[in-house]
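Trainee: missing the sequence, but the structure's below:
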């Protein structure tokens, strides 16, 4: 009886997940095994050619290497910044109200357009942008730095700009729940501040860190518009290559590539989930 | 923590925090300022003149695309998504307070829907509609695509909101003879109101700004982020920045309204009852 009521309550969510998550993924998986007709359509049948084409292409490896590089660098930077920002807000800001206010200041841009936030780097990083103007005016450089915009540097800057919030929120939540008395007990028992960080704060923030990592890694792995715009076409990612395939209606190879990407993302997420109990973390 | 002198780490981290906030808002402020240039304006500083030229340009020029239509569609879509997200998240949140048969499957499908690359999901939904012979449209396939992202997100927020909800209130209402509907409408929903508003804020803005999931699902008519996307590829005038200013103002208005109402509710609850 209870189970039935729970299912009635969860049915809108389940229906959306079935129709707009499970079914579309199933369609992509099916499409990845269909032979293409060479004109952008698909034929009935079964073939492993799409996978052979994707896996046998050296470009695939390069794309994954490039995407993983962006993912790892972004993850490391967002974790470093996010952890210390959260730590500052929770443990250094003495007024609880001020801490929440500053936390809201960090979250507001999350509710605005990512594309707009991305293009807002143009007046800063461009050839004649503020950074180059400033560096030239203090005679630090003679020529404008070319690598600032439309480069891997710009891609990383845009990712960190957009995604650090995904680290701050769960780590802030986890740290807020740490009982201050555990820190005081540690202090009384002779722990240095470094010991307290290593033995109390980091272990108790572990779940928040894992949750943030899942979001950051999954978003970077699935991104294509930051790479496309901020690299100026110089770099590619797995999904940006997929997007090019779709633009010329190459559905079956794109589907095979998409399935491969999904497997990689699922493996990555599973790896992180294994280290912590994510469900307990968010349901607590 | 004692009221002692601040350790050096405080100043180091305060500097980091200030730098982070400056980097967060600085670039956005630049484009808002630059959008108010006059007709000579370019994409970088220095500022050339001061006018609303590029805002007029944005809504009157054909070359900048159908910004007005995209704006209207995005607002309507976001409102529908918000209503469905709040209702769906509340119900699912209530269900997830107890374990039930198959809860793990729903939970992991939710996580999957959150981490699946948006474009891949969009392609799947597009292909699904094509296979079923249904035309893709911003109010059908794009609506579903947005819900596949906002609804799981809303449920996660509901988990956090409900973790602070005391079931005793619900039981008290039942003991006093309230029906299930009365308990929901007269007790649960009013108590959870601030949390539900937070879910609404997430639902609205995540849909209003959603790009990757809309790309293959919105059909012949564009939503606003798709208009912005095509502008970033074609338009190299401050019109682009003007669009940024307009959409951000719309976002800020929504955020301010939601946070204002939440703060108002908290204040009324904190205030001692008169009489």
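Mentor: Arrived safely. Note that the structure is a prediction, hence the values are computed from the model and not measured.
Trainee: use CA for all of it now, contacts and neighbours both
Mentor: OK.
Trainee: quick one: is stretch A:158-171 near chain B?
Mentor: Yes - on the criterion Cα under 8 Å from any Cα of the partner chain, stretch A:158-171 is in touch with chain B at residue A:161.
Trainee: run the chain-centre distance for that stretch.
Mentor: Between the centre of stretch A:158-171 and the centre of its chain there are 8 Å (Cα atoms, centre = their mean, to the nearest Å).
Trainee: I would like the residues contacting that stretch, please.
Mentor: Stretch A:158-171 has contacts (Cα atoms under 8 Å, 6 or more residues apart in numbering or on different chains) with A:74, A:77-79, A:81-83, A:85-86, A:106-107, A:110, A:114, A:117-118, A:121, A:205, A:207-209, A:211-213, A:215-216, A:220, A:226, A:230, B:23-24.
Trainee: hmm, who's touching stretch B:27-38?
Mentor: For stretch B:27-38, contacts defined as Cα under 8 Å, 6+ apart pick out A:116-117, A:120-121, A:123-124, B:41, B:43-45, B:47-55, B:238-242, B:244-245.
Trainee: switch to 6 Å and redo it
Mentor: A:120-121, B:48-53, B:238, B:241-242, B:245 (Cα atoms under 6 Å, 6 or more residues apart in numbering or on different chains).
Trainee: among those residues, name the buried ones.
Mentor: The neighbour count (16 or more other Cα atoms under 10 Å in any protein chain shown) marks A:120-121, B:53, B:238, B:241-242, B:245 as buried among those.
Trainee: just to revisit the earlier point, how about the contacts of stretch B:27-38 in a markdown table, adding secondary structure?
Mentor: Formatted as a markdown table, the contacts of stretch B:27-38 follow (DSSP: H, G, I helix; E, B strand; the rest coil):
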| residue | secondary structure |
| --- | --- |
| A:120 | coil |
| A:121 | coil |
| B:48 | coil |
| B:49 | coil |
| B:50 | coil |
| B:51 | coil |
| B:52 | coil |
| B:53 | helix |
| B:238 | coil |
| B:241 | helix |
| B:242 | helix |
| B:245 | helix |
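Trainee: among the buried ones among the contacts of stretch B:27-38, which two are most distant?
Mentor: A:121 and B:53 (22.2 Å; Cα to Cα).
Trainee: which outside residues touch the host helix or strand of residue B:104?
Mentor: Assigned by DSSP states H and E, residue B:104 falls within helix B:103-115. The contact list for helix B:103-115 (Cα under 6 Å, 6+ apart) reads A:21, A:218, B:149, B:152.
Trainee: repeat the analysis, applying 8 Å as the threshold.
Mentor: For helix B:103-115, using Cα under 8 Å, 6+ apart, the contacting residues are A:14, A:17, A:21-22, A:214-215, A:218-219, A:265-266, B:96, B:148-149, B:152-153.
Trainee: wait, doesn't residue B:83 sit right on residue B:200?
Mentor: Yes - the criterion here is Cα atoms under 8 Å, and residue B:83 meets it with residue B:200 at 7.4 Å.
Trainee: the two: who's more crowded?
Mentor: Using other Cα atoms under 10 Å in any protein chain shown as the criterion, residue B:83 and residue B:200 rank with residue B:200 on top: 25 against 15.
Trainee: where does the stretch 51-200 of chain A come near chain B, residue by residue?
Mentor: Counting by Cα under 8 Å from any Cα, the residues of the stretch 51-200 of chain A close to chain B are A:84-85, A:88, A:92, A:105-106, A:108-109, A:111-117, A:119-124, A:126, A:128-130, A:161.
Trainee: now do 6 Å
Mentor: Residues of the stretch 51-200 of chain A that fall close to chain B, judged by Cα under 6 Å from any Cα of the partner chain: A:85, A:111-113, A:116, A:120-121, A:123, A:129.
Trainee: most neighbours among those, which one?
Mentor: Using other Cα under 10 Å as the neighbour test, these are led by residue A:85, with 27 neighbours.
Trainee: and the host helix or strand of it, which residues are buried?
Mentor: Taking DSSP H and E as the definition, one finds residue A:85 inside helix A:58-87. Using 16+ other Cα under 10 Å as the test for burial, helix A:58-87 gives A:60, A:63-64, A:66-68, A:70-71, A:74-75, A:77-79, A:81-87.
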